[in-house]
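1. using only what follows, build the 3D model:
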Amino acid sequence: MSIYATQTIRNNLDWLNESIAAGAIFFVGHSGGKDSQATAAVIENYVPADQIVYVHADLGDVEWADIKTHIRNSIPTGAELQIVKAFYKDGTPNTLHHRIEKRAKQVAHKTNFWPTQGQRYCTGELKTKPVWKMIHNHPKAQPKYPGHRPIVVNCVGIRAAESDRRSKLDPLTRHKGSDNSRREAFDFFPIFDASIDVVWEIIAQSGQTRHWAYDQGNQRLSCMFCVFGSRNDWRNAKAHRPDQYEKLCQLERDYGRTLHSGRTIPEWLEEAGK
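-> Got it, this is the predicted structure:
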């Protein structure tokens, strides 16, 4: 059996083939990390190239400097890659540091302002919303004639093994708010059932190379200072972007709430463990 034939793909193969035949456009989110890289490889194995659009949510100062080059080297030559960014209504950039600080000012010391597993506003605002805004406006996602209802599929590298919360998700759902009279819209997690070993095998068999940060011990890659990242992730990020590291530490000092249960970020990093 092909390594690309994940259980999720096999479970949804009829829907996948029907969607491809109907001309669906598959928007493949690509952060440069292992899961999105494996997701792209799986989708490429089933979907015609002209029905794939790759999408990268640019996180600005908290993403690895060479990540766009890594993504372009990982996708087929000439493939369409859309770069999206988050902005506030007044046109100013919405960045991780600014968004967390905005939240801190809103709650005014009354409660925790850092993103949590139950309130991942950073992911929603900095990645999901800009991606869907682009999808809504993409030329390939528009009706071809009166009454035509195009199909758009947002492919994301979410895996059940990442957390209990994610394990309860459905790997194929209609996207609320985008699935309407104008379009059929889906969220699809092609590697939902895959283990980390399978992810690495997919990348290897696709002939791609992983980002070098993984060789330095990183477990996650998308945001250098992901609040759910490991100590190793943060240590590596601090070495490459000490300025952004200091800004996040300053938020703890300015607003009196620590990221890690009473321990400051420097105290947490000094503890043993990954």
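2. can you tell me the element Thr69 falls in?
-> Thr69 belongs to helix 67-74 when assigned by DSSP states H and E.
3. gap between that helix and the chain center?
-> Going by C-alpha atoms, centre = their mean, to the nearest Å, the spacing between the C-alpha centre of helix 67-74 and its chain's C-alpha centre is 15 Å.
4. one more: stretch 199-215?
-> Relative to its parent chain, stretch 199-215 has a centroid offset of 17 Å by C-alpha atoms, centre = their mean.
5. buried sites along it?
-> Residues Val199, Trp200, Ile202, Ile203, Ser206, Gln208, Arg210, His211, Ala213, Tyr214 are the ones in stretch 199-215 that count as buried (16 or more other C-beta atoms under 10 Å). Backbone N, C-alpha and C define where each C-beta goes, glycine included.
6. how about the strands in this protein?
-> Applying DSSP state E to the chain gives strands spanning 25-29, 52-57, 81-84, 151-155, 172-174, 184-188.
7. centroid-nearest residue for this structure?
-> Taking C-alpha atoms, centre = their mean, the centroid of the chain lies closest to Ser31, which sits 5.6 Å from it.
8. residues touching the nearest residue to it once chain neighbours are set aside, list them.
-> Of all residues not flanking Ser31 in the chain, Ser222 sits nearest, at 3.8 Å (C-beta to C-beta, 6 or more residues apart in numbering). Counting by C-beta atoms under 8 Å, 6 or more residues apart in numbering, Ser222 touches Ser31, Gly32, Gly33, Ser36, Leu59, Glu63, Lys127.
9. what is the nearest of the residues you listed to Asp164?
-> Of all those, Asp164 sits closest to Gly33, with 20.6 Å by C-beta to C-beta.
10. contacting residues for that closest one?
-> Gly33 makes contact with Gly157, His211, Arg220, Leu221, Ser222, according to C-beta under 8 Å, 6+ apart.
11. now it: phi and psi?
-> Here is the backbone geometry of Gly33 (degrees, to the nearest 10): phi -80, psi 170.
12. could you list the low-pLDDT ranges of this structure?
-> 274 (pLDDT under 70).
13. what about Leu269, how many residues nearby?
-> 16 (other C-beta atoms under 10 Å).
14. tell me the spacing between it and Asn12.
-> Leu269 sits at a distance of 41 Å from Asn12 (criterion: C-beta to C-beta, to the nearest Å).
15. now do Tyr245
-> Relative to Asn12, Tyr245 is positioned 41 Å away (criterion: C-beta to C-beta).
16. next, the buried residues of stretch 69-76.
-> Applying 16+ other C-beta under 10 Å to stretch 69-76 flags His70, Ile71, Ser74, Ile75 as buried.
17. between those residues, which is closest to Lys133?
-> Taking C-beta to C-beta as the measure, Lys133 lies nearest Ile71 of those, at 19.6 Å.
18. surely that closest one and Leu81 touch.
-> Yes - taking contacts as C-beta atoms under 8 Å, Ile71 lies within contact range of Leu81: 6.7 Å.
19. list the residues that contact both of the two?
-> Counting by C-beta under 8 Å, 6+ apart, the contacts common to Ile71 and Leu81 are His30, Tyr54, His56.
20. could you dump those residues to CSV with distance to Ser261 and neighbour count?
-> Output for the shared contacts of Ile71 and Leu81, formatted as CSV (distance: C-beta to C-beta, whole Å; neighbours: other C-beta atoms under 10 Å):
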residue, distance to Ser261, neighbour count
His30, 33, 26
Tyr54, 38, 24
His56, 33, 25
